[in-house]
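In: Fold the following, please.
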Amino acid sequence: MNSSSTVSAELGLRLVVPQQTIVPLVASLYYSKEDPYAIRIAFHVGLDEPVEWIFARELLSSGIEGREGLGDVVVWPSASAADGKPGNVLNIELSSPFGQAHFEAPVKEISDFLKRTYAIVPAGDETDFVDVESELNELIRKAQ
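Out: Below is the predicted model of the structure:
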């Protein structure tokens with residue numbers, strides 16, 4: 001078990017816009033054993049605050065192998081336009097009531113980040129890091 005409780009990384013992404021224009025940008029990935037099922041990704045798009053999305057670690061991991069996700073987040077591998085090598089690019093498509101965005105990320109950097117998260121919380125051990133009673137108490141407190 002790794003003694004660290006968080007993993008973070010900065011990643012160069014490409015935003016694919018409808019006119020087939022590619023816009024490079026930076027994203028920050030964050031994982032904590034305090035929320036062992038979730039990956040947080042903050043897109044730095046030139047606003048004062050980054051745009052943050054939270055989605056399942058397993059979705060990101062499974063998306064490296066094949067198309068995964070329904071609804072707001074869909075992830076799938078594809079070849080890089082630059083070198084045509086299969087599996088070099090991870091496509092991340094995000095949808096919300098405010099719009100839709102399609103990003104291309106380097107699979108190797110995402111895989112390296114995921115390996116570091118699994119060193120902290122191995123797959124299948126997530127429940128060992130969730131305090132269900134505390135979570136329920138917090139939900140009840142917020143509902144009152």
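
In: Going by C-alpha atoms from here, please, whenever you check contacts or count neighbours.
Out: OK.

In: Pretty sure Glu109 sits against Leu11.
Out: Yes. Using CA atoms under 8 Å, Glu109 is in contact with Leu11, at 7.3 Å.

In: Quick check: bridge partners of Ser78?
Out: Under DSSP bridges, the beta-bridge partners of Ser78 are Val89.

In: Helix, strand, or coil at Asp112?
Out: Following DSSP: H, G, I helix; E, B strand; the rest coil, the label given to Asp112 is helix.

In: The residue nearest the centre of the chain is in what secondary structure piece?
Out: The chain has Ile39 as the residue nearest its centroid, 4.8 Å off, counting by CA atoms, centre = their mean. Element membership for Ile39, per DSSP states H and E: strand 38-44.

In: Check which element follows that strand along the chain.
Out: Criterion used, DSSP H and E; the element after strand 38-44 is strand 51-56.

In: and the strand holding Ile39, what does it pack onto?
Out: Contacts defined by 3 or more CA pairs under 8 Å, 6 or more residues apart in numbering; DSSP states H and E place strand 38-44 against strand 22-32, strand 51-56.

In: Out of those, indicate the one that is most buried.
Out: Most buried of the helices and strands packed on strand 38-44, by mean neighbour count (mean count of other CA atoms under 10 Å): strand 22-32, with a mean of 17.
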